[in-house]
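**Q** Attaching a predicted model along with its sequence, questions to come.
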Amino acid sequence: MTADITGDSKVIITNQDGIHEKLDEVVIKHLSHAFQKPYQAHTELAFKEMDTLVRKFLAAKPDGDIILDACCGVGQSTRILAAQNPQALVIGVDKSDHRITKNIEGFSSQDGYQADNYHLVRADLNDFYRLVKAANWPVSKHYILYPNPWPKSKHLQRRWHGSAVFPQMTSIGKSLILRSNWRLYLQEFQQAAKQVNLVGCIEKVRKTTSPLTPFEAKYQVSGQVCWQLILRQSCQTI
Ligand SMILES: C[S@@+](CC[C@H](N)C(=O)[O-])C[C@H]1O[C@@H](n2cnc3c(N)ncnc32)[C@H](O)[C@@H]1O
């Protein structure tokens with residue numbers, strides 16, 4: 001998927017007419033079986049580098065914020081979040097080397113962009129999430145902006161809420177912020193999240209002149225509604 005910012009982004013087409021009938025079953029299966037696939041070497045190495053930075057950051061600022069920007073693509077959101085949260089260390093993760101190394105307009109010092117409190121790293125989140133969980137990073141906000149939707153019914157397990165890493169991914173961050181142009185994706189995630197005591201509402205993303213990501217820009221230019229789900233622990237578990 002690429003994010004050329006033209007006004008012709010296609011609306012999601014799915015053969016589902018509502019929440020996937022197997023969603024609860026799949027989530028329960030993943031919650032009751034440990035995900036034991038070995039880590040890929042490149043992600044283990046990338047994690048080690050980030051873990052060193054996180055430890056250093058926390059040694060200097062024990063109450064400092066760690067913000068995780070998962071599926072960050074070209075890292076536009078990572079850079080924006082870093083500028084908006086100068087006290088935080090922001091880590092953007094994407095499996096595509098091509099994306100995270102891409103130069104993006106508007107974020108050089110000539111453009112007035114100053115923040116240096118962020119890092120972009122190439123890693124597979126199926127492994128990276130498990131490593132973050134095991135290392136117990138104190139993540140404050142965990143963003144997943146415009147994940148690949150996999151709208152065909154048979155691809156439920158490729159969506160993050162249908163993946164084997166769902167238990168670990170949802171345990172990272174005091175809040176989990178997802179955005180998508182496919183409302184049903186967020187409705188499914190919201191339903192799956194109840195199984196791990198996370199609750200939250202879906203609302204429209206307000207259209208601004210500075211979208212958080214290239215995909216958001218593309219959908220907005222096409223006149224599509226972007227949706228946001230913010231999840232936090234439900235009161236019973238606090
Ligand atoms: C639709 S793009 C959205 C990118 C960006 N957040 C945006 O809104 O412009 C989804 C991104 O998720 C990344 N991705 C998908 N599966 C991943 C995985 N297992 N680990 C890391 N990144 C992944 C892809 O490489 C891609 O850049």
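**A** Received it, and whenever you're ready, just let me know what you need. Please read all numbers here as calculations on a predicted model, not as lab measurements.
**Q** so where's the chain uncertain?
**A** Within the chain, the stretches with pLDDT under 70 are 1-7, 236-238.
**Q** Close to the ligand: what parts of it are there?
**A** Taking Cβ under 6 Å from any ligand atom as the contact definition, the chain meets the ligand at 1, 3, 71-73, 93-96, 99, 124-126, 145-148, 213-216. Every C-beta, even on glycine, is put in place using the N, C-alpha and C of the backbone.
**Q** Packing partners of the host helix or strand of E203?
**A** For E203, the element it lies in under DSSP states H and E is strand 198-204. If you count contacts as 3 or more Cβ pairs under 8 Å, 6 or more residues apart in numbering; DSSP states H and E, strand 198-204 packs onto helix 183-194, strand 227-233.
**Q** Mind jotting down where the strands sit in the chain?
**A** 65-70, 88-94, 118-122, 139-145, 175-180, 198-204, 227-233 (DSSP state E).
**Q** Describe which strands the third one pairs with in its sheet and in which direction.
**A** This means strand 118-122. Sheet partners assigned to strand 118-122 using DSSP bridges are listed as strand 88-94 (parallel).
**Q** now the strand it pairs with against strand 65-70, angle please.
**A** Angle between the axes of strand 88-94 and strand 65-70 is 10 degrees (criterion: axes from the mean of the first three to the mean of the last three Cα atoms, to 10 degrees).
**Q** Output strand 88-94 as CSV, restricted to C-alpha atoms.
**A** What follows is strand 88-94 as a C-alpha-only set of coordinates in CSV (Å, rounded to 0.1, in the frame of the first residue of the first chain):
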residue,chain,number,x,y,z
ALA,A,88,8.9,12.2,25.7
LEU,A,89,11.0,9.7,23.8
VAL,A,90,9.0,8.6,20.7
ILE,A,91,9.7,5.4,18.9
GLY,A,92,8.3,4.7,15.5
VAL,A,93,8.3,1.1,14.3
ASP,A,94,7.6,-0.2,10.8
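**Q** Which of the residues of the chain next to the ligand fall within helices?
**A** With helices taken from DSSP state H, the overlap with the residues of the chain next to the ligand comprises R99, L125, N126, P214, F215, E216.
**Q** nearest spatial neighbour of the third one, skipping sequence neighbours?
**A** What that stands for is N126. V165 (5.1 Å; Cβ to Cβ, 6 or more residues apart in numbering).
**Q** quick one, what contacts the nearest residue to Y113 once chain neighbours are set aside?
**A** With Cβ to Cβ, 6+ apart as the measure, F107 is the residue that lies nearest to Y113, at 4.5 Å, once sequence neighbours are left out. For F107, the contact set (Cβ atoms under 8 Å, 6 or more residues apart in numbering) comprises Q76, R79, Y113.
**Q** what's the closest of those residues to the ligand?
**A** Q76 (6.6 Å; Cβ to the nearest ligand atom).
**Q** contacting residues around the closest one?
**A** Residues near Q76 by Cβ under 8 Å, 6+ apart: I104, F107, L212, T213, P214.
**Q** Among the residues you listed, find me the one that's closest to L184.
**A** Among the contacts of Q76, T213 lies closest to L184 (Cβ to Cβ), at 19.9 Å.
**Q** The closest one touches L145, doesn't it?
**A** Yes - applying Cβ atoms under 8 Å, one finds T213 in contact with L145, separated by 5.1 Å.
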